[in-house]
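no sequence on this one, just coordinates:
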Ligand code: GLN
């Protein structure tokens, strides 16, 4: 071991992380000390953490709803607040539901839904970013969910139209002007495409809402996450798309989930030729 290698002890590491502004210094120190590798590896990880790299990229995983999810550099790190989107999706979805996740990133949501829904038929997870697709494939292999590359519904087989009980997506919703205000960990290290939702933050969600009625089964739900200030605008977007909107809020987690329900009786009879 080289004499310059630092730090080696738990207390010294906690102090260094705290000084660098890490709020959960004890927890981070414990996780970093548990990484396989010698003192050089640890010193390198600590230097990178102190310089601002997200802990999850250094560890290679993030905890989400009790699951350990692999995350690759640049791929959106699953946030604790997105647990509300998961519980909202479970609450509106019956047994043996057909489920698709769009904008899947690491695939964290599908991985948890595979465990929480009763007899789910998780048909696919989709992302436009090849790095996210590769990462999601690793996270979803164990639960048997295929991961497709493409924009929103584009890569899905046409035969699934009108048949999905649940479409879930944590799409990008940060207004472009607010990108500069994100924590540096997100702004500097995560793919901007996973966060930037255009001028009012709803550009991708608007396209998603507009297309969803063609894919949802009667009574099926679109479930997404939005920022709290976007609720009224997105409620109108869902209504205009012909979906029945509702909102679930968790103040403690600063989380907002919105659902759009496809009416049971859809005018136009999608199953007719
Ligand atoms: N900054 C938001 C968050 O942390 C971004 C999420 C998103 O755009 N999907 O939840």
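Perfect, I can see it now. Quantities reported herein were computed from a predicted structural model and do not represent experimental measurements. Numbering: from 1, shown residues only.

need the contact list for residue 104.
Taking Cβ atoms under 8 Å, 6 or more residues apart in numbering, we find residue 104 in contact with 110, 125, 126, 127, 132, 136, 147, 169. For glycine as for every other residue, the C-beta is placed from the backbone atoms N, C-alpha and C.

Give me the distance between the third one and residue 92.
Translated: residue 126. Distance from residue 126 to residue 92, counting by Cβ to Cβ, to the nearest Å: 20 Å.

Which one of those two is surrounded by more residues?
Shown here are residue 126 and residue 92; by other Cβ atoms under 10 Å, residue 126 has more neighbours (26 against 19).

distance of the more buried one from the ligand?
Per Cβ to the nearest ligand atom, to the nearest Å, residue 126 is found 15 Å from the ligand.

do residue 220 as well
22 Å.

Kindly report the same for residue 130.
19 Å.

For the stretch 101-250 of the chain, which segments count as helices?
For the stretch 101-250 of the chain, the helices defined by DSSP state H, counting those that start in this stretch cover 108-116, 130-140, 184-189, 203-215, 231-240.

So for stretch 171-185, mean pLDDT?
The pLDDT scores in stretch 171-185 average 96.

Now that stretch: buried residues?
By 16 or more other Cβ atoms under 10 Å, the buried positions in stretch 171-185 come out as 171, 172, 173, 174, 175, 179.

Just give me the neighbour total for residue 65.
When neighbours are counted by other Cβ under 10 Å, residue 65 registers 18.

interface residues of the stretch 1-150 of the chain facing the ligand?
79, 81 (Cβ under 6 Å from any ligand atom).

and the residue of the stretch 1-150 of the chain nearest the ligand?
Using Cβ to the nearest ligand atom, the closest approach of the stretch 1-150 of the chain to the ligand is made by residue 79 at 4.6 Å.

Which pLDDT value does the model give that residue?
Confidence score, pLDDT, at residue 79: 97.

could you measure it against residue 143, distance?
In terms of Cβ to Cβ, residue 79 sits 21 Å off from residue 143.

which other helices and strands contact the helix or strand where residue 68 lies?
Counting by DSSP states H and E, the element that carries residue 68 is strand 67-70. Applying 3 or more Cβ pairs under 8 Å, 6 or more residues apart in numbering; DSSP states H and E, we find strand 67-70 packed against strand 61-64, helix 108-116, helix 130-140.

what packs against the strand or helix carrying residue 43?
Using DSSP H and E, residue 43 maps to helix 39-50. Packing partners of helix 39-50 (3+ Cβ pairs under 8 Å, 6+ apart): helix 10-19, helix 25-33, helix 55-59.

Save the ones you listed as JSON lines, and put in mean neighbour count and mean pLDDT too.
Formatted as JSON lines, those follow (neighbours: other Cβ atoms under 10 Å; pLDDT from 0 to 100):
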{"stretch": "helix 10-19", "mean neighbour count": "16", "mean pLDDT": "94"}
{"stretch": "helix 25-33", "mean neighbour count": "17", "mean pLDDT": "96"}
{"stretch": "helix 55-59", "mean neighbour count": "20", "mean pLDDT": "97"}
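
Okay, the residue of the stretch 1-150 of the chain closest to the ligand and residue 136: tell me how far apart.
Counting by Cβ to Cβ - residue 79 and residue 136 are separated by 16 Å.

Same check on residue 71?
Taking Cβ to Cβ, one finds residue 71 at 10 Å from residue 136.

ok, now residue 50?
Distance from residue 50 to residue 136, by Cβ to Cβ: 30 Å.

ok, the two, which is more surrounded?
Between residue 50 and residue 136, counted using other Cβ under 10 Å, residue 136 has the larger neighbour count: 32 against 14.
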